[in-house]
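Enquirer: After the sequence you'll find the predicted model.
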Amino acid sequence: MSSKMAITQQHERARTAYQAGSFKEAFEIWSNLAEAGEAEAQCWVGSLYANGEGVAVDDQQALHWSVAAAQQGHHMAQANAGAFLFMGRGAKKDPDQAVRWLKSAADGGDLNGLFNLAVLYTKGEGVAVDFEKAAELYRRAAELGHYPSQSRLGYMYLQGQGVPKDRVQAYLWLSLASQHGIGTALDALEGVVKEMSAEEKQKGAMLFEQWRTRTKSNDGPTAIYPIPT
């Protein structure tokens, strides 16, 4: 059996254990792989330490393993490392380094990296306020099915922040977020519908049908969000 195949099988065992709620078993498998330098396992170990799954919560260990994977180019680990450093969890708060990691994650197409970086651009924390950049980042994540980004993008179209005001686009993205339980999106959507013309509603409904089956994978390590949503 090849080394790569053996690692794949260990990951499968760990995922099966994790999904069954056997967090300690999953931690043991991933910990061994992480010690051997396997980036995906390092990201998982960081996530387990962050959430206290199979091991006691330890922010320093969570950051250590996230950074180890991030340095190997693991994009979710980069997003998580950025979130930890932005919040000052596991190390002294370092907004500059946090933004660097988040940008690397976003450049790699990580959904949570895109979302977290967009949040910072809307708040002007660690970066200058830039609604156009935030909208661009939210859109990239939204088009890949990231529900919180869909909600934020819909709200930006509703308010004309970083994008022109557009009730049809607002309807589309708020509807997509609403179908996955984003309560704030549903509240905003109700207001949009009241203002839409019959033609706008028809266009919105057509767009919604084109996008509604797109979803976000939940198979990876848990992402860390630096800003409460």
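Expert: On my side now, so go ahead. Numbering: from 1, shown residues only.
Enquirer: Can you list the helices and strands that the helix or strand containing Y18 packs against?
Expert: With secondary structure defined by DSSP states H and E, Y18 is part of helix 3-19. Using 3 or more CB pairs under 8 Å, 6 or more residues apart in numbering; DSSP states H and E as the contact criterion, the neighbours of helix 3-19 among helices and strands are helix 23-35, helix 39-51. C-beta: built from backbone N, CA, C; applies to glycine.
Enquirer: can you tell which of those helices is closest to K133?
Expert: Closest to K133 of those is helix 39-51 (CB to CB; 26.2 Å).
Enquirer: Which strands or helices does the following helix or strand past the closest one pack on?
Expert: Counting by DSSP H and E, the element after helix 39-51 in chain order, helix or strand, is helix 59-70. Helix 59-70 is packed against helix 39-51, helix 75-87, with contacts defined by 3+ CB pairs under 8 Å, 6+ apart.
Enquirer: tally of neighbours for V99?
Expert: Applying other CB atoms under 10 Å, we find 20 residues neighbouring V99.
Enquirer: dump the residue contacts of it.
Expert: By CB atoms under 8 Å, 6 or more residues apart in numbering, the contact set of V99 is 82, 86, 117, 120, 126-127.
Enquirer: buried residues in the helix or strand of the chain with the lowest mean pLDDT?
Expert: Of all the helices and strands that make up the chain, helix 183-195 has the lowest average by mean pLDDT, DSSP states H and E, namely a mean of 88. Buried residues in helix 183-195, defined by neighbour count with 16 or more other CB atoms under 10 Å: 184-185, 188-189, 192-193.
Enquirer: what residues does it touch?
Expert: Residues external to helix 183-195 that are found in contact with it (CB under 8 Å, 6+ apart): 150-151, 154-155, 158, 167, 170-171, 173-175, 177-178, 201.
Enquirer: and what of stretch 162-170?
Expert: Here stretch 162-170 makes contact (CB under 8 Å, 6+ apart) with 130-136, 153-159, 188, 192, 195-196, 200, 203-204, 207.
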